[in-house]
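J.: compute the structure for the input listed below.
(one chain, ligands or ions: 1)
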Amino acid sequence: MTLSPEQQAIQVAVADLLAGQASSAALRAAMLAGDIDRKLWQQIAELGCCALQLSEAQGGLGMGTLELCLIAEQLGRRLAYVPWFESVVLGTSLLGELGAEAEQWLPGLADGSLISTFSTDPVQALPVAGGWRLDGRIEQFQAAGSADLLLVTARLADGELLLFALPRDAQGLSISPLQLHDASRPAACVQLTGILLADCLARGNSLEEKLARLRLTAATVLAAEQVGVAQQCLDLSLSYVSGRVQFGQPIAAFQAVKHRCAQMMVSIELARSAFYAAAATSDLQPVAAARCLANEAAQFCAQEAIQLHGGVGFCWEYDPHLYFKRAQSNSQWFGMSTRWLDQVAAELLQEALPHELPEEAFQAEVHAWLEQHLSGEFLAMRGCLGPGDDSFAPALAKRWEQCLAAGGWVGMGWPTAHGGRDLPLAQQVAFHEAYVRAGGPGRIGHIGEQLLAPTLMAYGTPAQQQRFLPGIRAGTSYWAQGYSEPDAGSDLANVKTRAKREGDEWIINGQKVWTSWAQESDWIFVLARTEAGSQRHRGLSLLLVPLRQPGITIRPIRQMTGSAEFNEVFFDSARTEASLHLGELGQGWKVAMDLLGFERGVSTLGQQAQFEHELQLLLSQARRDGLAQQSVLAQRIASAAIGLQALRANALRVLSGAAGSPESFVAKYAWSNWHRDFGRLAADVLGPRANLIDADAAAQRLRQVWLYSRADTIYAGSNEIQLNLIAERALGMPR
Ligand SMILES: Cc1cc2nc3c(=O)[nH]c(=O)nc-3n(C[C@H](O)[C@H](O)[C@H](O)COP(=O)(O)OP(=O)(O)OC[C@H]3O[C@@H](n4cnc5c(N)ncnc54)[C@H](O)[C@@H]3O)c2cc1C
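T.: Numbering: from 1, shown residues only. Predicted structure coming up:
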């Protein structure tokens, strides 16, 4: 999910060219003139962008859909007035697949001297002596006015589909340019009257198959273009709101404005992750995810751009309306989102389960191990969701952790020097997927394994690492997270718990709250004020404190789910050894924040797999109830499924990218809101049964998801705090 140096080079080269040549003024001038920007077209061709996906034997560069997407994204940002999508993505791709019949056109298409376009709307074909006669009308044929070669499909009376190439001067061809709101992508009404042609280029099933493939590629590349549209709307808005002053300050300083911009960024990054994933496959769901999320991002961002510009946003001379119109016209092409959702719903709700992932050797190993070990006393845990699930028994869950640890599945990505297996990311992903497919239960040791352990590796002394990592790795020692306090929730720097040095011990007094699994844990890491009188982020340290001691009282708090995983933890002169501060004394804020950063790490893979499991549960319910494939509920299910595709793509992008990347900033907000909406959907699918508490295990799990997912947008940085972070840290808006 990261771009290779060559891909980055293409992206930068096109972006640089367009930054210089495809300004708003150039676009507006070209739109007025009514012809494509010929100079820009030539420069794009000189960069090799017209021959990209042709094979080397065909005079191309042999590249794939992702490279097309990277170019489309840049062209979308500038609304570049060139028929690149029509000629290259549609026309050249199609002709490149046809072999000898189409070879004559490829050199011209590759060097940009020939422009093609393609329409999916079929006209009528009639066999006549010496060939075919074509008649019909194509209401909106993009780029028909500037193309040298028009590729059209036509149906015979028996329904068979044929493909023809028409030179623009073909007798009987009439091209009438249309007046359009989205004037940045010209189209014409094309009339075919008794056109006689000797040859058709392709026909029948083989043509239908080629067009089905082309439709998936086109939808993916168009999604990338929509992301470019959305990105430019955000960039225009950021620039405007940072300069516009109202109430004595830039409007960018208002939280409502910051949150709007942050939400735009969330929608853009998810859609970008989705098209990266779609470009690597030709499966329906990832492509539908890219298409639908990108349409949504473009339309949402264009609408917000107009809103954030205020009155000038409604003016012709400002650009947001150009993007608003392009976002809309793009969303109608190659199938509206609702059509893609219908197809996904049909695939999901059909009786047979969705296709299984291919079983790689490593997944087979994991699967065999799980089949063997998820038995005996652990059989009851199969499919158990974990916290929030009534059947979740902590003592049994800990024995299961030990069993997993003995199999080498705890800390599997840790370096071998720390007792791990240093497994590559791909195998960790494979493990989590196989785990969920085998009905592996929710895990109880994640605070130790996934939050504290990486922090210990980054900040711990060798003595601390040797003391604590083996217990976490073996599933014998459990940790709680002591950050929140009654007066320090979102404003964590308001921590009041204090620790005073006495001899070779810290004496701790104060209170933590909402402490998950404290009642089941052996240790807690406590953010405490170790410098008396210090304020805010300064003078804090992260202390490692044993929980089982007289100075600590733990009181479970009952949650809205009915169960009690979190607690109040009171420290009344509790003690820990003087050496047990993680990182430097007084620098606890940085350590604590970096620890939170690990929450976006590999742990998200297990979470993705869990979400996938929940989706499968919901689908089983929907199939059992015979949910109609064309219903609104079915569309919501399809929407949830493609949302999950995008989350997964984003998580993989986060894990393979650099820390602090745009996609990592949006991850928490994106998954928690997806899960909250999914919980509501689960309740709606259950209908009146959502209100019951009964022994139907599958329904009971979905009810728990409905209730428990309410917490996701609160803990680990609430929605509002996430939006503040995205706006201020990722978008650089004022604090
Ligand atoms: C299930 C669950 C498990 C948890 N587990 C742990 C744990 O193990 N350890 C731990 O330390 N903590 C834990 N927490 C606590 C969690 O981190 C806090 O609940 C969270 O940080 C929010 O703090 P708060 O509850 O005090 O809400 P508040 O900070 O009072 O916020 C209330 C509302 O105001 C909004 N708000 C606050 N400040 C702003 C602002 N500046 N701008 C806009 N809106 C704002 C919030 O977004 C929220 O909607 C857990 C919470 C839950 C729900």
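
J.: tell me the confidence at Glu351?
T.: Each residue has a pLDDT score; the one for Glu351 is 65.

J.: err, Gln549, not the other one
T.: 98.

J.: phi, psi of it?
T.: Main-chain torsions, Gln549, degrees, to the nearest 10: phi -160, psi 160.

J.: excluding chain neighbours, what is closest to it?
T.: Ala574 (6.0 Å; C-beta to C-beta, 6 or more residues apart in numbering). Using the backbone N, CA and C atoms, a C-beta is placed for each residue, glycine as well.

J.: check the secondary structure at that neighbour for me.
T.: Using DSSP: H, G, I helix; E, B strand; the rest coil, the structure places Ala574 in strand.

J.: quick check, it in contact with Arg548.
T.: No - at 10.6 Å, Ala574 does not count as touching Arg548 under the criterion of C-beta atoms under 8 Å.

J.: re earlier: can you pull the contacts of the residue nearest to Gln549?
T.: Residues in contact with Ala574, defined by C-beta atoms under 8 Å, 6 or more residues apart in numbering, are 507-509, 545, 549, 551-552.

J.: where in this structure is pLDDT low?
T.: 351-359, 385-391, 599-603, 659 (pLDDT under 70).

J.: I'd like to know which residues of it are adjacent to the ligand.
T.: 481-484, 489-490, 514-516, 566, 711, 714-715, 718-721, 724 (C-beta under 6 Å from any ligand atom).

J.: okay, and which of those residues map to strands?
T.: In this view, the residues of the chain next to the ligand that belong to strands under DSSP state E are 481-482, 514-516, 566.

J.: between these, which sits nearest Val366?
T.: The nearest member of those to Val366, counting by C-beta to C-beta, is Ser516 at 27.3 Å.

J.: ok, what's across the strand from the residue nearest to Gln549?
T.: Listed by DSSP bridges, the beta-bridge partners for Ala574 are Ile508.

J.: beta partners for Ser176?
T.: In this structure, Ser176 has the following beta-bridge partners (DSSP bridges): Cys189.

J.: next one: Val545
T.: Where Val545 sits in a bridge, its partners, by DSSP bridges, are Ile524.

J.: what about it, distance to His581?
T.: As defined by C-beta to C-beta, to the nearest Å, Val545 lies at a distance of 10 Å from His581.

J.: before we move on, what about Gln559?
T.: Applying C-beta to C-beta, the value for Gln559 to His581 is 32 Å.

J.: was I right to think Leu348 contacts Ser620?
T.: No - counting by C-beta under 8 Å, Leu348 stays clear of Ser620, with 10.9 Å between them.

J.: what segments of the stretch 601-735 of the chain are helices?
T.: Listed in chain order, the helices found in the stretch 601-735 of the chain under DSSP state H, counting those that start in this stretch are 603-624, 632-656, 662-686, 697-708, 719-725.

J.: list the contacts of Thr65.
T.: With contact set as C-beta under 8 Å, 6+ apart, Thr65 has these partners: 53, 217, 220-221, 278-280.

J.: so which of these sit within helices?
T.: The helices in this structure, assigned by DSSP state H, contain 217, 220-221, 278-279 from these.

J.: any chance of the residues you listed in CSV with distance to Gly660 as columns?
T.: Formatted as CSV, those follow (distance: C-beta to C-beta, whole Å):
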residue, distance to Gly660
Thr217, 33
Thr220, 28
Val221, 29
Ala278, 25
Ala279, 24
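
J.: closest to Ser4 out of the residues you listed?
T.: Distance to Ser4, by C-beta to C-beta, is smallest for Ala279 among those, at 12.8 Å.

J.: count the neighbours of Ser375 for me.
T.: In terms of burial, Ser375 registers 10 neighbours under the definition other C-beta atoms under 10 Å.

J.: so how far is Ala667 from it?
T.: Spatial separation of Ser375 from Ala667 under the definition C-beta to C-beta is 35 Å.

J.: ok, Leu605 next?
T.: Leu605 sits at a distance of 12 Å from Ala667 (criterion: C-beta to C-beta).

J.: shared neighbours of those two, anything?
T.: With C-beta under 8 Å, 6+ apart as the test, Leu605 and Ala667 both reach Ala651.

J.: count of residues packed around whichever residue of the stretch 51-200 of the chain sits closest to the ligand?
T.: Of all residues in the stretch 51-200 of the chain, the one sitting closest to the ligand is Arg77 (31.0 Å; C-beta to the nearest ligand atom). Neighbours of Arg77 under the rule other C-beta under 10 Å: 23.

J.: wait, it sits on Leu18?
T.: Yes - between Arg77 and Leu18 there is a contact at 7.2 Å, judged by C-beta under 8 Å.
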